Structure formats: C-alpha cells, structure tokens
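> one predicted model, sequence on top.
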Amino acid sequence: MRSRTSILAIVASLGLVGSLNGAVASSGPTYDITTLAGKVASVNGTAGLQIRFSAFIEQQAEETGATGPSSGPITPTFVLSSPLDGTSVQAPNVTVNQDTAAAPQNETAIAVDPNKPNRLVAAANDYVTRTWTCPGCSAHGDGYSGTYFSNDGGKTWCCASNLNGSSQGTLIPGVTHLSGGPYDAGGDPAVTFDSRGNAYYAGLGFNRTSAPNTVAVNRGTFASGGLTWSAPTFINPTTSPAIFNDKEWIAADANAGSPLRDRIYVTFTRFIFNPSNGHYVQSPIMEAHSSDGGRTFSDPQIIGAPVIYDQGSRPVVASDGTVYVFFEGSTRLATLNSTYVVKSTDGGESFGRPVAVAELQDIVPLKNAAFRVNSFPAPAVAPNGDLYVAWSSQLNDATGGLCLPIANVGCHSAAVYSKSTDGGATWSAPALIFPALDAANRSPDGYTGIALTPSTHRVDTFWPAVAISPSGRVYMSAYAADVVSPWQTCSKAGTLPPPVGRINCLSLDGYINNARLDYAVANIGTGESRIVTKHPINTRSQFGGGFIGDYTDIAVGSDNVYHALWTDTNNKQTVVWWYGFQFVPTVINQEDVVTNAGSF
C-alpha cells in the first residue's frame, strides 16, 4: 500500500499541490485533523471550495461530543411532529429494515443478482443507538454498515440488525467494534453482484476522535436462501491524520463474456491535509481493483488528474470489460464544478485523462428544508455500450440554464442526465429527468387555520439514481420536493443541545414552511414517470432535519423490474435509546429505508 508520503510525492510531481481560489492557504486557522470534526471543519473552512465531505461523515463528526448514557429515562415535554406525518409506509412499498426500536437507517444502495432477478441485496447506514458492553463500543452508539436481502423480488426482507449485542444480525462483520472490528463507526454503503451471484459490500470504517480510517469490502455468499458475509478486506487503511478516505463505491464486472469477468473495482475520495496546520490540500479520486473475489486489492492509484478537487465517484463496467468512473470535481482555479468521467480498457491498470460531461452548479439546501445535499453523479452503462449519467444542478427558473450566482431565489434544484454513444468521448446536452415536475410549483398542504402563507417555489428534484436492464430499458429516479406544509418549531429558549434536543423540545414556537418529498421513477425511453411514494416524506425527524442521507438508488433485473430504494420517514416507531440517552417509550417518526418495485 502506498504511504501518505508517497501519495503526496506523486501529487507534487504532477504539479497538483496548489490552491483552489485560495483553497490551500499559507496562513489562517489551524485545525486538529486527528479528529473527524477537525477534518470536516478544515474542508468547510476552505474558501472557494464547493466539494464537501459526504453528509454521513459530516453527521458523524457532529456526534463527536455526544455523551451518555443518561442517568435515567427522559420524559419529553414536546416531540416535534406534524398531524400530516404518516403513520406507516403504505403498500405496495415495503420497509426494508426490520428494526422497530426507532434507530434510523439512511443512505441507500441496492443490487440485483444478474442470474436471479428475484434475489436482491440492499444496504444502508444502520444505527444501533443504545449502549453496549462490548469492548471499545462508544457509550452513545454509532452508525454501522447494515445490509438486507430478499429472495422474492423485494416483497419480504431479512433481517433485523444487532439490537441486543448478542448477534450479528444485519451488521456487516469485522469493521466496527460492535461487529468485531477495529473502528468506532462505519457506513456509506455500496453493493454489487458479480456474474456468479456473489455479492460485495463496500463501506467506510473510521474513528471519530482519532485518525484511523479505511475503505472496507466484504464478500457475501448465498446458501440455502441465506446470506453470509466474509471478514472485510481493508483497502489502504491509514493512521495518518493527514488522510481521510471518504465516499467509496463498488462495481463488479458481471459480464459473463468479458475478458476481465468478475474483477471488482472500488473508487473513493482521498482527502489530503497539510500535516502542519491541518489545512485542506486536495481530494483526488482513488481506484483499487481485485481479481480474486475481493480477497486482495491493488494499491490505490490517483485517477482523474489534473482534476483533483473531487467527490462522489462511481464506477460502472461495460459488457466488454471497459471501466468508467464518474465523479464531481474541478481543476485548480475553476469557477464551476463539472461531472467528469475517466476510462480504463485494461482492467483498471491505467486510466485515460478526464472528460468533462458538463459543468454544473452545486445544489444548495432546498428552500424550506435544512438537510445537506450534493450534486454527485449516478451512472449506468447499457448492453450496447451507451453511457448514461445523472446528477443535480441548480438551474434558473426562467432560462433553464445554470443558476449564476448560486441561489435559491429564482432557481431550483433539478435532476438532469446526459448520454454518450461513443464510449464517453462526447456527451449530449443535459436533459431534465422529470420535465413535468420541473415545470411545476410545490403543492401547499395543511395550512387551514394556521397563520402562515405557503411558500411558493418550483419543485426541486435531486439525488438521482440510474439503472439499465439487460434488454436496455433505462430507469432513473430521484426525490422531488413537491409539497410544502407548515411545521411547528421549538423555541430557542426550549432548544436542548443534540442528541437529546432532537427528541425533547421544552417549549414550542411558531410555524415555518417545510418542504416535503416524494420519490419518482422515470422510464427514459418512453418518457413516462411515476410518483411511487404514497405519502410525502417529512425530513425534520431524528437528526433535526439536517441529515437524511447522501444519495438514493435504483436497480433493475433481467425481468425489467426496477427496485427503487430511498430513505422514508412515514413509519411510527418507539424510541427508548438515542445516542446513549434513555427515554420513556416515546413514539416518533423514524428514518427507514423503503423500496418500490415495478415495470413500465
């Protein structure tokens, strides 16, 4: 494995250590990059930089100072909620996670076995938020890597996560302390299948208050209808405070006719910091691959240079074994980020120079919402080699062009896609995935008898996903903020610090407008689209509205049936433990992961 020193030497030799609109400063504050919170502060404090850590890592950094357990059960004075909130996820949609203890699940990934279209593997950040006696487990609970599987096309799912400390449940083994591994926390999941029906799970492992972190890959095998995961392979684990590996994704060459059949590709973002003052330096995309079923991986290599201020990479593999890696990023001194793609025709041994698909304007938190967002790409490759990639960009309401300067007034977030028919050399102009939604304003709901004027805004669509069936059917999906409703807030005097304050409000305040989400699926070939959620999703639950994930996902099998997977909050569950604090049994709306299957 390459050390921090050699990676920095490679970057320096390419002439890439520099500034992005003053990104690498010679003076200014210093940051304690031994901690996750210090690294996040360094990136967020870098002037002119639009790239950020994944929302999962930012959320985990916020929990660094959480304490627990509490001395006794807390009885909430008020639990923020709305009479418009759902009480359960409605059929035909299915709640994938089986937990009922009000520990959240979010950030969704899903894959279909290429040989058995009814066999699915899904993944999510899976929180287990009570206290444990296991060695090294934190007092307040952590985020973990969770996985679920279905053998009946998504009608039912197995299983529940580790809720009592005595069984592995759905948690991926060998990464976090609770699952027998060396790291405090894990998550940010991605899943894939190879051509022989083996599943692979990629995720992060990290500590909050110390430097060690890694990208981990576990191999899953099915036997007698059950799924068993191997011990993890750690890709370039590091103890250097100057490096943090974030936002990985995984793809297998599942093409039976490929010369590189079943090779596994993992890409991720490597955040590099100045070890003397903690300043952010750059964040190139890294790639590693395995030809032995994930048991070992090549040394990670930088791909995409000179575009080295990057995030959100995803690899896809064409039927002839060509590997494409898409990511969001910019070169030094660029005004805007772009969606980029790099290509390898030799199994990841080497990659060509990056090709810009299109410039984008990074989306900002939606109007009347608080959760973090991003413009990371989601790609897929068709059986004939055509490439599709989708992302979200901030667009001008009137012109449909990029919103300049970036704003939420007169602009909105739009999920768009582009297509290449020549192996990624040239790309079509970005097109709207949901043109009818994009042309509409949000619908107001629930304002009767409330002294609040509904906020008018165009429908935002964001966090798109893409999947293409073996017959060439192209599905895309995304959230749509198509409803606005009143939300009663907690007064400043009654606001407790998190995590307790996310459930217990001491006194209520007035109403604000609150954007609610639906989930939509489109067939790009026919132009038909559907809203597949049955009740709008309120994002104000559990994390104070600040975190609902980083992405959504969709997969499609040889039967042309799609499986869309997103974070939903319409289930009511009873919370007893939340980050080490004990509550009297309290009903809240829970973040769960939910799927919808269909074909059109």
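Received it, and whenever you're ready, just let me know what you need.

> for the helix or strand hosting residue 390, give the mean pLDDT please.
Per DSSP states H and E, residue 390 falls inside strand 387-396. Strand 387-396 shows a mean pLDDT of 98.

> elements contacting it?
Under the contact criterion of 3 or more Cβ pairs under 8 Å, 6 or more residues apart in numbering; DSSP states H and E, strand 387-396 touches strand 323-330, strand 337-344, strand 355-360, strand 378-381, strand 411-420, strand 460-468, strand 474-490. (Each C-beta comes from the backbone N, C-alpha and C, glycine too.)

> now mean neighbour count, mean pLDDT and distance to residue 83 too, for those strands, in CSV please.
Below are the helices and strands packed on strand 387-396 laid out as CSV (neighbours: other Cβ atoms under 10 Å; pLDDT from 0 to 100; distance: least, Cβ to Cβ, whole Å):
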stretch, mean neighbour count, mean pLDDT, distance to residue 83
strand 323-330, 26, 98, 39
strand 337-344, 24, 98, 40
strand 355-360, 19, 98, 38
strand 378-381, 26, 98, 35
strand 411-420, 25, 98, 28
strand 460-468, 27, 98, 24
strand 474-490, 24, 98, 10
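
> for residue 170, find the nearest of those strands.
strand 460-468 (21.6 Å; Cβ to Cβ).

> thinking again about what came up before, okay, the helices and strands packed on strand 387-396 in TSV with distance to residue 82 next?
Shown next, in TSV, are those (distance: least, Cβ to Cβ, whole Å):
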stretch	distance to residue 82
strand 323-330	34
strand 337-344	35
strand 355-360	33
strand 378-381	31
strand 411-420	23
strand 460-468	20
strand 474-490	6
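
> those strands: which one's closest to residue 527?
Residue 527 sits nearest to strand 474-490 of all those, at 11.1 Å, using Cβ to Cβ.

> need the next SSE after the closest one, C-terminal direction.
Once the chain leaves strand 474-490, the next helix or strand it forms, by DSSP H and E, is strand 508-523.

> now that next one and strand 460-468, what's the angle there?
Taking axes from the mean of the first three to the mean of the last three Cα atoms, to 10 degrees, one finds that strand 508-523 is oriented at 30 degrees with respect to strand 460-468.

> what does the next helix-or-strand element following strand 508-523 rub up against?
Counting by DSSP H and E, the element after strand 508-523 in chain order, helix or strand, is strand 528-531. Here strand 528-531 makes contact (Cβ atoms under 8 Å, 6 or more residues apart in numbering) with 433-434, 436-437, 480, 482, 518-523, 598, 600.

> what are the buried residues along stretch 179-187?
179, 181-187 (16 or more other Cβ atoms under 10 Å).

> export those residues to JSON lines and tack on secondary structure and pLDDT?
Below are these laid out as JSON lines (DSSP: H, G, I helix; E, B strand; the rest coil; pLDDT from 0 to 100):
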{"residue": "179", "secondary structure": "helix", "pLDDT": "86"}
{"residue": "181", "secondary structure": "coil", "pLDDT": "92"}
{"residue": "182", "secondary structure": "coil", "pLDDT": "94"}
{"residue": "183", "secondary structure": "strand", "pLDDT": "93"}
{"residue": "184", "secondary structure": "coil", "pLDDT": "89"}
{"residue": "185", "secondary structure": "strand", "pLDDT": "91"}
{"residue": "186", "secondary structure": "strand", "pLDDT": "93"}
{"residue": "187", "secondary structure": "strand", "pLDDT": "94"}
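
> sorry, back to before: how distant is the strand holding residue 390 from the center of its chain?
Centroid separation for strand 387-396 versus its chain: 16 Å, with Cα atoms, centre = their mean, to the nearest Å.

> what's the closest non-adjacent residue to residue 107?
If the residues on either side of it in the chain are set aside, residue 107 comes closest to residue 549, at 4.2 Å by Cβ to Cβ, 6 or more residues apart in numbering.

> and what of residue 353?
Excluding the flanking residues, the one nearest residue 353 by Cβ to Cβ, 6+ apart is residue 342, at 7.2 Å.

> again with residue 45
Spatial nearest neighbour of residue 45, chain neighbours left out: residue 29 (6.7 Å); criterion: Cβ to Cβ, 6+ apart.

> which SS state does the one you found fall under?
Classification of residue 29 by DSSP: H, G, I helix; E, B strand; the rest coil places it in coil.

> look up how far residue 280 lies from it.
To residue 280, residue 29 is 12 Å away according to Cβ to Cβ, to the nearest Å.

> between these two, which one's more packed in?
Taking other Cβ atoms under 10 Å, residue 29 and residue 280 do not tie; residue 280 has more neighbours (25 against 11).

> now that one: phi and psi?
Here is the backbone geometry of residue 280 (degrees, to the nearest 10): phi -60, psi 140.

> residue 40 now?
Note on residue 40: its backbone torsions stand at phi -60, psi -40 [degrees, to the nearest 10].

> what sits against the nearest residue to it once chain neighbours are set aside?
Spatial nearest neighbour of residue 40, excluding adjacent residues (Cβ to Cβ, 6+ apart): residue 61 at 4.3 Å. Residue 61 sits next to 35-37, 39-40, 53, 208 when contact means Cβ under 8 Å, 6+ apart.

> do you know the pLDDT at residue 540?
With respect to pLDDT, residue 540 scores 95.

> low pLDDT regions in this structure?
Within the chain, the ranges that satisfy pLDDT under 70 run 1-27, 64-71, 129-133, 136, 138-141, 161-167.

> give me that answer again for 50
1-25 (pLDDT under 50).

> contacting residues for the residue sitting furthest away from the middle of it?
Residue farthest from the centre of the chain, counting by Cα atoms, centre = their mean, is residue 449 at 37.9 Å. If you count contacts by Cβ under 8 Å, 6+ apart, residue 449 has none.

> report the separation between it and residue 518.
For residue 449, the distance to residue 518 - Cβ to Cβ - is 25 Å.

> which strand residues bridge the closest residue in space to residue 451 that isn't next to it in sequence?
Spatial nearest neighbour of residue 451, excluding adjacent residues (Cβ to Cβ, 6+ apart): residue 511 at 7.7 Å. With DSSP bridges applied, residue 511 shows beta-bridge pairing to residue 488.

> is it true that residue 511 touches residue 485?
No - Residue 511 is beyond contact range of residue 485, at 9.5 Å (criterion: Cβ atoms under 8 Å).

> hang on, the residue farthest from the centre of the chain is in a strand, isn't it?
No - if the criterion is three-state DSSP, then residue 449 is coil and not within a strand.

> want to throw the contacts of residue 61 into JSON lines with secondary structure?
Shown next, in JSON lines, are those (three-state DSSP):
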{"residue": "35", "secondary structure": "coil"}
{"residue": "36", "secondary structure": "helix"}
{"residue": "37", "secondary structure": "helix"}
{"residue": "39", "secondary structure": "helix"}
{"residue": "40", "secondary structure": "helix"}
{"residue": "53", "secondary structure": "coil"}
{"residue": "208", "secondary structure": "coil"}
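
> which of these tops the neighbour count?
Result: residue 39 is most packed of the contacts of residue 61 (other Cβ under 10 Å), 28 neighbours.

> which ones are touching that residue?
Residues in contact with residue 39 (Cβ under 8 Å, 6+ apart) are 31, 33, 53, 61, 244, 271, 273, 278.

> and the second one, what does it touch?
Same thing as residue 33. Residue 33 sits next to 39, 42, 211, 241-242, 273, 275, 278 when contact means Cβ under 8 Å, 6+ apart.

> with the third one instead?
Listed by Cβ under 8 Å, 6+ apart, the contact partners of residue 53 are 39-40, 43, 61, 244, 246-247, 271, 311.

> quickly note the distance from it to residue 119.
In terms of Cβ to Cβ, residue 53 sits 33 Å off from residue 119.

> for residue 75, find the nearest of the helices and strands packed on strand 387-396.
Comparing the helices and strands packed on strand 387-396 by Cβ to Cβ, strand 474-490 comes nearest, at 16.1 Å.

> tell me which element the spatially closest residue to residue 465 that is not a sequence neighbour falls in.
Leaving aside its sequence neighbours, residue 465 sits nearest to residue 554 (Cβ to Cβ, 6+ apart; 4.1 Å). Taking DSSP H and E as the criterion, residue 554 maps to strand 553-556.
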